[in-house]
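In: sequence and predicted model, in that order:
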Amino acid sequence: MKFESDQLTSGKEVCAVAVTYHPDADFGLRFNRILPQVGRLVIVDNGSDEAEIKMLQELAASPSITLVLNLDNLGIARALNLGIQRAVTLGFKCVLLLDQDSCIDDDMVQTLIAVRAAYPERDRLAVIGAGFRTGDKTTAPSPEESGGWEEAESVITSGSLITLRTHAAIGEFREDFFIDYVDTEYCFRARAKGYRVIRTRKPLMSHSIGAITHHRLLWLDKWTFNHAADRRYYIARNDTVMLREYGHYAMGLWALKSFGRCVRLCKRIVLYEEMKIRKIAAVAQGWWHGIRGHMGQRPRRHSKLSVRAA
């Protein structure tokens, strides 16, 4: 695979890639904000229903939108890889990865390009993640947050700018993870290969992770994400795999570390969340499959999951 110079001067050299799974009616309004900022938008849909596909097809009537339809839910990693492959075919230098319910700012792409241009080791830069606001928080960034970047261990998928030349060296997103920790594993793998991961200090989008609720326990403030049981399964399993592959634990201590995390997660579920038994069973199964190396999609007998890039 051959790429021209990866110098980036305009958003028109960037291809946005968005993965959808049962998108809501406001999806088109949110993603109309990205079209003026990039050269093309590739939407990869993971098995949405007929009405939702019709909405996406109407959006794709625009010459600047390409729609890829998967008949089934192939997972976030496979969908991202398909979108990036299409961007390579179309001749773009960079991709901007987006979640279906992220609402981006009007200056997102230009800010990411400016941060990339200012970074002193651009040839070793794997991912630029976008800072983001959560919930209804709309306060302006403090002066120290208003510009520049910070080094990061990992960044979320949505709002990530990736140069295709670098992506070819790092490799594709890991499809056996299916969903959850897909972005984390990619960043860890990139860093293991000597690349850097950074995040903008300035928030460039509004983005929610799960359905966060606040709880008061005695004098302590507690929060929980209220993920569905399937998400709890993938989180527990893939976190276990990450500890085994990147944790640098002696002997089998990674398994004990993962078990401890799962116990704390189950405690939070018992205290604050609904559908407790189903979620705890999913966490236990996820931990065991992570220990045994059982990867890919969770068995079909379980309920549908959301493929949001959390």
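Out: Received the coordinates, thanks. Numbers count the residues shown, from 1 in each chain.
In: tell me what the longest helix along the chain is packed against?
Out: Among the segments of the chain that qualify as a helix by DSSP state H, the longest is helix 253-272. Contact here means 3 or more Cβ pairs under 8 Å, 6 or more residues apart in numbering; DSSP states H and E; on that basis helix 253-272 packs against strand 213-217, strand 220-224, helix 229-246, helix 276-292. Placement of C-beta: from N, CA and C, glycine included.
In: which of the ones you listed sits most buried?
Out: helix 229-246 (a mean of 22; mean count of other Cβ atoms under 10 Å).
In: just want the angle from that helix to helix 253-272.
Out: 160 degrees (axes from the mean of the first three to the mean of the last three Cα atoms, to 10 degrees).
In: helix 229-246 packs against which elements?
Out: helix 182-192, helix 253-272, helix 276-292.
In: which of those helices sits closest to Asp106?
Out: For these, proximity to Asp106 was assessed by Cβ to Cβ; helix 182-192 is nearest, at 24.2 Å.
In: which of the residues in the closest one are buried?
Out: Val182, Asp183, Thr184, Glu185, Tyr186, Cys187, Phe188, Arg189, Ala190, Arg191 (16 or more other Cβ atoms under 10 Å).
In: just the C-alphas of that helix, formatted as CSV.
Out: Listed next in CSV are the C-alpha coordinates belonging to helix 182-192 (Å, rounded to 0.1, in the frame of the first residue of the first chain):
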residue,chain,number,x,y,z
VAL,A,182,-11.4,-1.7,20.5
ASP,A,183,-10.0,1.8,20.7
THR,A,184,-7.9,1.1,23.9
GLU,A,185,-6.3,-1.9,22.3
TYR,A,186,-5.4,0.0,19.2
CYS,A,187,-3.8,2.8,21.2
PHE,A,188,-1.9,0.3,23.4
ARG,A,189,-0.6,-1.5,20.3
ALA,A,190,0.4,1.7,18.6
ARG,A,191,2.3,2.8,21.7
ALA,A,192,4.0,-0.6,21.9
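In: tell me how far it is from the chain's mean position?
Out: 12 Å (Cα atoms, centre = their mean, to the nearest Å).
In: coming back round to it: could you dump the buried residues of helix 182-192 to CSV with distance to Met295?
Out: Below are those laid out as CSV (distance: Cβ to Cβ, whole Å):
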residue, distance to Met295
Val182, 12
Asp183, 17
Thr184, 15
Glu185, 12
Tyr186, 16
Cys187, 19
Phe188, 16
Arg189, 15
Ala190, 20
Arg191, 22
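In: dump those to a markdown table, plus pLDDT and distance to Glu153.
Out: Formatted as a markdown table, the buried residues of helix 182-192 follow (pLDDT from 0 to 100; distance: Cβ to Cβ, whole Å):
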| residue | pLDDT | distance to Glu153 |
| --- | --- | --- |
| Val182 | 97 | 15 |
| Asp183 | 97 | 11 |
| Thr184 | 97 | 8 |
| Glu185 | 98 | 12 |
| Tyr186 | 98 | 12 |
| Cys187 | 98 | 7 |
| Phe188 | 98 | 8 |
| Arg189 | 98 | 12 |
| Ala190 | 97 | 11 |
| Arg191 | 97 | 8 |
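In: could you chop this structure up by domain?
Out: Following automatic domain parsing, one finds the domains of the chain at 11-206, 213-292.
In: out of the buried residues of helix 182-192, which two sit at the greatest distance?
Out: Farthest pair in these, by Cβ to Cβ: Val182 and Arg191, 15.5 Å.
In: sec struct for the most centrally placed residue in the chain, please.
Out: Note on the chain: the residue nearest the mean C-alpha position is Thr157, at 2.6 Å, using Cα atoms, centre = their mean. Applying DSSP: H, G, I helix; E, B strand; the rest coil to Thr157 yields a three-state assignment of coil.
In: and the pLDDT for it?
Out: Looking at Thr157, its pLDDT reads 95.
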